[in-house]
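Colleague: sequence and predicted model, in that order:
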Number of protein chains: 2
Amino acid sequence: MDLPSLTFNPGPSKLSERTENDLREAVELKICEMSHRGNAFMEISREALAGLRSFFGVPESYKIFYTSSATEGMELTVRNLVENKSCHFTCGRFSELFTEISESLGKKTHRISAPWGLSPDFNPAEIPPDSELITITANETSTGVMCLNEDISRLRRACPRSLIAVDITSLAGMKTFQIADADVWLFSVQKGFGLPSGLGLMIVSPQAFLRSEELTHKGKNFAGLFTFEAMNRLIAYGGQTVCTPNMLGIYLLKKKLSRWNSSGGAIAKENETLKKAERLYKNISRHPRLKCFAQNPANRSVAVACIEGDPKDVAALHETAKAHGIQLGKGYGKLKETTFRLALFPAITENDLERLLNVLNT
Amino acid sequence: MDLPSLTFNPGPSKLSERTENDLREAVELKICEMSHRGNAFMEISREALAGLRSFFGVPESYKIFYTSSATEGMELTVRNLVENKSCHFTCGRFSELFTEISESLGKKTHRISAPWGLSPDFNPAEIPPDSELITITANETSTGVMCLNEDISRLRRACPRSLIAVDITSLAGMKTFQIADADVWLFSVQKGFGLPSGLGLMIVSPQAFLRSEELTHKGKNFAGLFTFEAMNRLIAYGGQTVCTPNMLGIYLLKKKLSRWNSSGGAIAKENETLKKAERLYKNISRHPRLKCFAQNPANRSVAVACIEGDPKDVAALHETAKAHGIQLGKGYGKLKETTFRLALFPAITENDLERLLNVLNT
C-alpha cells in the first residue's frame, strides 16, 4: 500500500483534521451501532438536513433526500422525472454521463455539446421544446470547466416549462447557488464536503416533486421504492430513508455543517475557495511550461483545476510531487497524459497549497 | 444523545473491538482519501471480493457486486432479471418488501404467504410456471423465522427454469450456504458482518447474468447504469464500481474477511452462532413469561431471535436492560408491543450474551 500523502485528487478528497477527529469520536460514541429507526439517529439526521438547508439557503418548499452517490442521484432524477425525453448540456465526461444514464433508462436524449475545455453555450434556443428535463453539470471535473450561476438563471427564465437538474458534485461546499433557479441539485460528499465516499444528497423543487407524482399516477414513474413521494414520507417522518442509510456519513455531515454554518456558511467557503483558486491560477499563468486546460478564464473551476503540459513534464511533476509526499490528481480519460488535476476543496489549507506551489515551481 | 450501550438491535449491529480498531487505523492510513480508481484501492477491493468468495465458497462462474444496501440489491435483482412476473415467498415485513419492490417496478407478482411466526411452505406446486424470478427471505428479521437450506435446494431442483434470489440479510456471516442452489444472494454488511451501514453485496449466477444480458438485448433491462454487464465490466477490471463506492466499508470488509477466513471461515462462524442461539433459546424455554415468536423450533433464527411476552413484561424488560447498559431490539411493526428482538451476530460475544441472560432472568 502507498504511504499516506497530501492528496490533491479531485475526489475522494483530503479529509480535514476535524473530520478525522469526528471519525474517531464516532467510534467512541458508537454511532454505527445506533438503530437507524431510533430517535437518537433521527435527531442526527434531522440536524444534518437542517444544516444543509441553512448552508445552501434551500427554500422551505424544496425537499432534501439522501442518496448513496451523485451517480445514483442522476439516475433517480431521470427515473422520477422523465417520461420520454431529456436534454443535456455536455462538455466532458461527467456531463456526458448524465446523458448516458438517461439513454440507459430508455429515454430519448438531445445533447448540446461543447468541445472539452470549453463551457457549453447555454443558448435556450437550442433546447428542444419537448424536453422534460434539462441537465447541467456545474463543474465538469474531467476538464476543470465550471459554468456560471448566471447561465443557470438565464435558462430558468427562458425554459419555464422544463425541469432543470444541476449536478454540483465538486462545487458543493465551495460556492453559493440560487436554489430556486433549478429543480434538482445533486452531489456527493467525498469532494468539497471532504467526507468518506458512499453518501450523496439531492435537493428537489416542488415542481419536480409534483412531476414525479404525476408520472406515478400515469404508471410511468420507474423509481421503484425510490419515488420522491416515498423518499419524502420517510424524510418528513424523521430524516429517515428507504434503505438503511450511511449513518456514519450522515453523522460526519452533521458535524461538518454545524461548524461551517457557525463560521460564515457558504459565502465564507466561497471566499476561501476563490482566494486559493486565484493564487493557483496566478501561479500557473506565470509558469513557463504549464497552462490551464479551460480556455476561458471565467469558466475556470475554483474547485478542481485542470492543468495542461507536455506529457513529459506532466509525468515528471507527478514524480516530483510524490517525492514531496504530495499526490496530484491524474488527468481524466483522454487527457490522462497531457493534464493533471488539482482539487482546491475546503480541506486543502493555504499551507497545503503553499507546499503544492513549491513543487510546481521546482 | 443516549449513552453508548451494548446493543442487541438486529441491525445496525454492534461493531467488534477489532472493527473499531480497523476504523481508527483507516483514519491513520487515510483510506478515505484514496483514489477509487487507483491501484491501491483496487487491490483492497480485490482482496475484499476474494475474501468473500472464499468465505461463502462462491463458484468461479458467479460474480460478486457491491451495492449500497440490501434494499438496492433487491431492486437491482428485479430490474436486471424480471420482464413480466415474479413470485415471492413471504412470512413477514422483509419478504413482503421484496414483493413490493417488484410491484413498484411495474411487474406482476404472485405471493405465497405464511402467517407471521411461521415459515412459508416451500411447495413448488404453488409457483406459477411463468414466474421469471422466485424470491426467498432466508431470515425474516421481523419475526425471527429462518428458512432451511434444504428448502432452497428443493426449490432449485423443482424449478430449474426460474431464477431464484435469496435475501440473506441478517444471516450472512453466520451460516453456510450452497451458493449453487440460487442465482442471486444479497445482503448488507451492518448485520452479521458487523460493519457500518451503507454497503451491500450481491452474488450473481451465470444464468442470472445471461438473463440480464438477454433483457438488455430485448430493450427490457431497466437497470440503467447498473446492469449486471456494466457492473461486471468494472468489477472485473479491478474491483471497481459504477459509482464511487463506500471505500471505508470495503476496507473494513476486507480486514474482517481476512481474519474470519484465517480462523475457520463460515463453518466456524456457523458453529459459534449455533452455540449462542442454543443457549439463548434454552434459556427462553425455561422462562416463566417469555416464549419464542417463531412457532417451529427448526425455523427459529440463529441470527435474530424474536421473543414474545405480555406488553407490560416487554416494556419492563426494555427498561431493566437499559438500566444495565443493554439495548434490546424493538419488535417490528405490528409486533412492537408484544415482542422484542435479540441479534446474535458474531460481534456479540459469549460474555455479552451472559450479561443479556442475567437481565432476562431478573
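Modeller: Thanks, I have the structure now.
Colleague: residues of the stretch 201-350 of chain A that sit close to chain B?
Modeller: A:219, A:222, A:224-227, A:242-249, A:327, A:329-330 (Cβ under 8 Å from any Cβ of the partner chain). All C-beta spots, glycine's among them, are computed from the backbone N, C-alpha and C.
Colleague: rerun at 6 Å
Modeller: A:224, A:225, A:243, A:244, A:246, A:247, A:248 (Cβ under 6 Å from any Cβ of the partner chain).
Colleague: can you pull out the helices in the stretch 51-200 of chain A?
Modeller: Counting by DSSP state H, counting those that start in this stretch, the stretch 51-200 of chain A has helices at residues A:70-81, A:93-104, A:149-158.
Colleague: so what touches the helix or strand encompassing residue A:20?
Modeller: In this assignment (DSSP states H and E), residue A:20 forms part of helix A:17-28. With contact meaning Cβ atoms under 6 Å, 6 or more residues apart in numbering or on different chains, helix A:17-28 is reached by A:194, A:248, A:251, A:252, A:255, B:20, B:23, B:27.
Colleague: and it with helix B:17-28, angle?
Modeller: 180 degrees (axes from the mean of the first three to the mean of the last three Cα atoms, to 10 degrees).
Colleague: what about the closest residue to residue A:309 other than its chain neighbours, neighbour count?
Modeller: Computed as Cβ to Cβ, 6 or more residues apart in numbering or on different chains, the closest residue to residue A:309 that is not its neighbour in sequence is residue A:290, at 4.7 Å. Residue neighbour count, defined by other Cβ atoms under 10 Å in any protein chain shown, stands at 19 for residue A:290.
Colleague: tell me the phi and psi of residue A:290?
Modeller: phi -120, psi 150 (degrees, to the nearest 10).
Colleague: need the max-distance pair from the contacts of helix A:17-28.
Modeller: A:194 and B:20 (22.6 Å; Cβ to Cβ).
Colleague: of the two, who's got more company?
Modeller: The neighbour comparison of residue A:194 against residue B:20 (other Cβ under 10 Å) goes to residue A:194, with 25 against 17.
Colleague: which residues touch the more buried one?
Modeller: A:13, A:15, A:16, A:19, A:345, A:347.
Colleague: got it, and residue A:270?
Modeller: A:175, A:176.
Colleague: would you verify that it is located in a helix?
Modeller: Yes: according to DSSP: H, G, I helix; E, B strand; the rest coil, residue A:270 belongs to a helix.
Colleague: gap between residue A:357 and chain B?
Modeller: Distance of residue A:357 to chain B, computed by Cβ to the nearest Cβ, to the nearest Å: 20 Å.
Colleague: actually residue A:5, sorry about that
Modeller: Residue A:5 is 8 Å from chain B, by Cβ to the nearest Cβ.
Colleague: what is the neighbour count of that residue?
Modeller: The local packing of residue A:5 (other Cβ under 10 Å) involves 15 other residues.
Colleague: now the residue nearest to it when sequence neighbours are not counted, what are its backbone angles?
Modeller: For residue A:5, ignoring the flanking residues on the chain, the nearest one in space by Cβ to Cβ, 6+ apart is residue A:325 at 4.6 Å. Here is the backbone geometry of residue A:325 (degrees, to the nearest 10): phi 70, psi 30.
Colleague: quick check: which ranges of the stretch 51-200 of chain A have low pLDDT?
Modeller: The model of the stretch 51-200 of chain A has no residue with pLDDT under 70.
Colleague: what parts of it come near chain B?
Modeller: Residues of the stretch 51-200 of chain A lying near chain B (Cβ under 6 Å from any Cβ): A:68, A:69, A:71, A:75, A:101, A:104, A:105, A:196, A:197, A:198.
Colleague: skipping its backbone neighbours, what lies nearest residue A:232 in space?
Modeller: residue A:63 (5.3 Å).
Colleague: show me the beta-bridge partners of the one you found.
Modeller: residue A:204 (DSSP bridges).
Colleague: do you know how far the residue nearest to residue A:309 is from residue B:330?
Modeller: Distance check for residue A:290 against residue B:330: by Cβ to Cβ, to the nearest Å, it reads 60 Å.
Colleague: same question for residue A:34.
Modeller: 13 Å.
Colleague: so what's residue A:221 up against?
Modeller: A:215, A:227.
Colleague: can you give me the neighbour number for residue A:9?
Modeller: Other residues within reach of residue A:9, judged by other Cβ under 10 Å, total 23.
Colleague: check residue A:205 too.
Modeller: The burial count for residue A:205: 23, using other Cβ under 10 Å.
Colleague: what's the domain layout of chain A?
Modeller: A:6-15+A:265-360, A:17-261 (automatic domain parsing).
Colleague: sorry, back to before: quick one, what contacts the residue nearest to residue A:309?
Modeller: Per Cβ under 6 Å, 6+ apart, neighbours of residue A:290: A:284, A:307, A:309.
Colleague: can you confirm residue A:306 is in a strand?
Modeller: Yes: the assignment for residue A:306 by three-state DSSP puts it in a strand.
Colleague: which one is it nearest to, not counting chain neighbours?
Modeller: Residue A:306's closest residue in space is residue A:144 (Cβ to Cβ, 6+ apart), at 2.8 Å.
Colleague: need phi/psi at that neighbour.
Modeller: phi 70, psi 20.
Colleague: OK, contacts around it?
Modeller: A:293, A:294, A:301, A:304, A:305, A:306.
Colleague: ok, now with 8 Å
Modeller: Counting by Cβ atoms under 8 Å, 6 or more residues apart in numbering or on different chains, residue A:144 touches A:292, A:293, A:294, A:300, A:301, A:304, A:305, A:306, A:307, A:341.
Colleague: dump those residues to TSV, plus pLDDT.
Modeller: Formatted as TSV, these follow (pLDDT from 0 to 100):
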residue	pLDDT
A:292	97
A:293	97
A:294	97
A:300	97
A:301	98
A:304	97
A:305	97
A:306	98
A:307	98
A:341	97
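Colleague: can you pick the most crowded of those?
Modeller: For those, neighbours tallied by other Cβ under 10 Å; top is residue A:304, 32 neighbours.
Colleague: in the sheet, who's paired with that one?
Modeller: Beta-bridge partners, per DSSP bridges, of residue A:304: residue A:343.
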